[in-house]
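>>> Based on what follows, work out the 3D shape:
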Amino acid sequence: MWKKQKIIWVIPIICVILILAGLYIYKQNQVEEMTYSTFLEKVEAGQIEEVVIDGSSKMKVKVKGDLDTSYITDNPRNPELKEFLLKKNIKVEETDSITTTNIFQGLIMLGIFFIAFRYASKKITPQNSGSSMNLNIKELEFNKIQHFSFSDVAGNEEAKEQVEDIIDFLKNPEKYVKYGARMPKGIIFYGPPGTGKTLMAKAISGEAKVPFFSVSGSDFVQMYVGVGASRVRELFEKARKAGKAVIFIDEIDALGKKRANNPTGGNDERDQTLNALLTEMSGFKENEGIIVIAATNRLDILDEALLRPGRFDRHVEIGLPDVNGREHILKLHVKNKPISDQVDLKKLAKQTVYFSGAMLENLLNEAAIISAKRNGKFIDWNDIDKAFYAVVAGSEKKNRDAILKIEREITAYHEAGHALITKLVAPNNTVSRVTIIPSTKGAGGFSMNIPPDKMYYTKKEMEAQIKINLAGRVAEELIFGEDNITTGASNDIEKATKIIRDYIIKYGMSKKVGLLNMDVLFNNKSQGFVEKTLIEECSKSIKRLYDETKETMIENKFYLNQIAEILLLKESINEDDLNDIMERNFIIEEKNVNKSHFQKAMRIKPVVETV
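Prediction:
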């Protein structure tokens, strides 16, 4: 409505300015120049009616009987000229150099400049962003937010149960007031990225049918001291005007990090902003009907004052979905996609362990793109399979002519080692695919090892995972010799190191270190003798597991050769192929490895990673 009113006022003003400018230009076109000698002749002939003299180099002349045309001639600036003209009975008018016409011309130019400036400023600065000092609050309209509900949030059933009473509180506050209950002032959703924290907040607002105000924590952080605090007050003032409302602050760790203890080590602007947020939350009236929901991926770095009761009373984990949750999420995202009846979403849910809701949506989107490229009628299992491995390991390289034979053989034995040890030490894991086809992400090949959904892992299972990570390097050493191991195990070593560190430092599974958490004990401070002890213990444990993996592989070298040979033949194998090999139903005659083929290994740098 306001935009329409502005248009109604602006259009007539522009039209008036254009008309006046046109008249001025037309008038200027009716002025002719007269030479000074001609002017004097007409003066002597009595043909001049009026002369206008100002301080400029020209003077205006009006000729008797010529009403349509004005004339200008040179101004000699002679003080006696006026007296001379008056003696000839000619009317003489003296004016300042700045005439009404000049003023009018200036106003026209000023108006045009103002309109152009306003247009340019609106183009540069979007209307909804406000000034640099205002907060960009994204408010979802009521008729839009009410369409969000828990049916749009698949998985995380436990999280839904934890917030159902909040929704009921927003709908029926009288019911809880009767029991003397106080509505929680704040809820923190924490968990890995892409698990649906924002969607859960929208669903709460939609279920309760109250306005939803969304901001990001980074919106409060500015270089100017005091701006962030004013933005916090602006946000809460807007929410109070709406009555009942949900305020959602995404990435709250941007402003709510732990404050420094020393007086010179903090960030004044961030501390003031955090203090303003704490003050606003403390100033809520009981059962006012405003709930603050914050989201973070790092609950451990938030300030304790933010997490205490009375501020963010409830902490709700939005974790990675389990197999049932993944199946529900997949069903939710295929509603608007032409999925083939042959696609088994339950099977896909089992293969996508550790996938977040966002990753599952991206997987199906990639599958839809692949299907559209080939102009398929439906999204079939092959499309999903290609999308799955493209998301996890990257797309397959089409041109593989530059790959040397020795590189293919090293990659084959490396990935065969991962697959073999997985089947031997972790039979409950699914090896969905083993390939030596290089990918666009730089992997020379990979072995897809999918563990079952578990709440926690045993000591034996952690050791088994370390053995699986080390198996590629073990296979290289066993087949090509210790001097010909490659850089392909760099990613495997990184993963094994992280597990063994947690194994010793966090979970207390080392007999030498015992049931101690070193991070807590020394508060993350560098302790030389402790670091030396931990490095020695980690190295000793890794060496023990490496030797055990090597012994296991030597005992099953026949299967290692079989898997590697089949990989060289087929390039990719799946779980069924591995099971056939282990059951000796898919046997290639064992060959003696010709060591002369691998003498160039020291000069080769194959890029081989395990995904």
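>>> Below-threshold pLDDT in the stretch 401-550 of the chain: ranges please.
401-402, 440-443, 523-530 (pLDDT under 70).
>>> Helices of that one, residue ranges please.
Under the criterion DSSP state H, counting those that start in this stretch, the stretch 401-550 of the chain contains helices at 405-425, 459-480, 490-501, 518-522, 528-555.
>>> hey, which of these is tucked in deepest?
Across the helices of the stretch 401-550 of the chain, averaging neighbours per residue (mean count of other Cβ atoms under 10 Å) puts helix 405-425 on top, at a mean of 25. Placement of C-beta: from N, CA and C, glycine included.
>>> could you say what helices and strands that one packs with?
The contact analysis (3 or more Cβ pairs under 8 Å, 6 or more residues apart in numbering; DSSP states H and E) places helix 405-425 against strand 430-435, strand 446-450, helix 459-480, helix 528-555, helix 557-570, helix 575-582.
>>> mind checking which of the ones you listed is nearest residue 319?
strand 446-450 (18.1 Å; Cβ to Cβ).
>>> C-alpha coordinates for the closest one, PDB please?
Taking C-alpha atoms only, strand 446-450 is exported to PDB below (Å, rounded to 0.1, in the frame of the first residue of the first chain):
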ATOM      1  CA  PHE A 446      38.000 -46.600  -2.500                       C
ATOM      2  CA  SER A 447      36.400 -49.300  -0.300                       C
ATOM      3  CA  MET A 448      33.000 -48.400   1.000                       C
ATOM      4  CA  ASN A 449      32.800 -49.700   4.500                       C
ATOM      5  CA  ILE A 450      29.400 -49.200   6.200                       C
END
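>>> Strand partners (parallel or antiparallel) of that strand?
Note on strand 446-450: by DSSP bridges, its sheet partners are strand 430-435 (antiparallel).
>>> Neighbours of residue 161, how many?
Applying other Cβ atoms under 10 Å, we find 10 residues neighbouring residue 161.
>>> ditto for residue 218
So residue 218, with other Cβ under 10 Å, has 13 neighbours.
>>> measure the residue nearest to it when sequence neighbours are not counted to residue 311 for me?
Using Cβ to Cβ, 6 or more residues apart in numbering and skipping the chain neighbours, the partner closest in space to residue 218 is residue 254 (4.6 Å). Distance from residue 254 to residue 311, counting by Cβ to Cβ, to the nearest Å: 17 Å.
>>> what do you get for residue 458?
Separation of residue 458 from residue 311 (Cβ to Cβ): 38 Å.
>>> Compare the two and say which is more crowded by neighbours.
residue 311 (21 against 10).
>>> Now do the SS call for that one.
Following DSSP: H, G, I helix; E, B strand; the rest coil, residue 311 is assigned to coil.
>>> And for residue 56?
Following three-state DSSP, we place residue 56 in the coil state.
>>> One more: the one 5 residues further on?
Following three-state DSSP, the label given to residue 61 is strand.
>>> That one: neighbouring residues, count only.
Here the number of neighbours of residue 61 (other Cβ under 10 Å) works out to 23.
>>> Skip the chain neighbours and tell me the closest residue to it.
Leaving aside its sequence neighbours, residue 61 sits nearest to residue 71 (Cβ to Cβ, 6+ apart; 4.3 Å).
>>> So for the one helix or strand that neighbour maps to, what gets flagged as buried?
If you go by DSSP states H and E, residue 71 is part of strand 70-74. Neighbour counts over strand 70-74 (16 or more other Cβ atoms under 10 Å) mark 70-73 as buried.
>>> which is the next helix or strand following that strand?
helix 81-87.
>>> Let me see the contact set for the closest residue in space to residue 364 that isn't next to it in sequence.
Sequence neighbours aside, residue 333 is the residue nearest to residue 364 in space, at 5.0 Å (criterion: Cβ to Cβ, 6+ apart). Residues near residue 333 by Cβ atoms under 8 Å, 6 or more residues apart in numbering: 360-361, 364.
>>> Now do the domain split for the chain, please.
2-102, 138-317, 325-393, 405-603 (automatic domain parsing).
>>> Now distance to residue 289 too, for the helices and strands packed on helix 405-425, in CSV please.
Conversion of the helices and strands packed on helix 405-425 to CSV gives the following (distance: least, Cβ to Cβ, whole Å):
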stretch, distance to residue 289
strand 430-435, 49
strand 446-450, 46
helix 459-480, 48
helix 528-555, 52
helix 557-570, 63
helix 575-582, 54
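>>> So for residue 148, which of these sits nearest?
strand 446-450 (32.5 Å).
>>> Contacts made by the closest one with the rest, please.
Residues contacting strand 446-450 (Cβ under 8 Å, 6+ apart): 350-351, 353, 389, 392-393, 415, 418-419, 422, 426, 429-435, 439, 468, 609-611.
>>> Separate out the buried members of those.
350-351, 353, 389, 392-393, 415, 418-419, 422, 426, 429-435, 439, 468, 609-611.
>>> Thought residue 380 was touching residue 371, still the case?
Yes - Residue 371 is within contact range of residue 380, at 7.3 Å (criterion: Cβ atoms under 8 Å).
>>> More neighbours: which of these two?
More crowded of residue 371 and residue 380, by other Cβ under 10 Å: residue 371, with 23 against 19.
>>> which secondary structure elements does the helix or strand hosting the more buried one contact?
Assigned by DSSP H and E, residue 371 belongs to helix 357-373. Contact here means 3+ Cβ pairs under 8 Å, 6+ apart; on that basis helix 357-373 packs against helix 323-333, helix 381-393.
>>> avg pLDDT for the last one?
Looking back up the chat, that one is helix 381-393. Average pLDDT, helix 381-393: 86.
>>> Kindly report the same for the shortest one.
Per-residue pLDDT values across helix 323-333 average out to 90.
>>> the inter-axis angle of it versus helix 381-393?
On the basis of axes from the mean of the first three to the mean of the last three Cα atoms, to 10 degrees, helix 323-333 is oriented at 120 degrees to helix 381-393.
>>> Buried residues, helix 323-333. List them.
Under 16+ other Cβ under 10 Å, the buried positions of helix 323-333 are 325-330, 332-333.
>>> measure residue 168 to residue 208 for me?
Going from residue 168 to residue 208 by Cβ to Cβ gives 8 Å.
>>> the more surrounded of the two?
residue 208 (23 against 14).
>>> contacting residues for the more buried one?
Residue 208 neighbours (Cβ under 8 Å, 6+ apart): 166-167, 170-171, 244, 246.
>>> so which of the residues you listed comes closest to residue 41?
residue 246 (89.3 Å).
>>> That closest one: which element?
Assigned by DSSP H and E, residue 246 belongs to strand 245-250.
>>> now that strand: mean pLDDT?
Here strand 245-250 scores 88 as its mean pLDDT.
>>> Next secondary structure element downstream of it?
Per DSSP H and E, the first helix or strand lying C-terminal to strand 245-250 is helix 268-282.
>>> Now do that following helix and strand 245-250, the angle between them.
Going by the same axes, to 10 degrees, helix 268-282 makes 150 degrees with strand 245-250.
>>> so what secondary structure elements neighbour helix 268-282?
Secondary-structure packing of helix 268-282 (3+ Cβ pairs under 8 Å, 6+ apart): helix 227-241, helix 304-307.
>>> Residue 190 is nearest to which of those?
Smallest distance to residue 190 across these (Cβ to Cβ): 10.3 Å, for helix 304-307.
>>> Sort out which residues of the closest one are buried, please.
Buried residues in helix 304-307, counted by 16+ other Cβ under 10 Å: 305-306.
>>> all numbers from here: first residue = 19
Yep, numbering from 19; the last one is helix 322-325 now.
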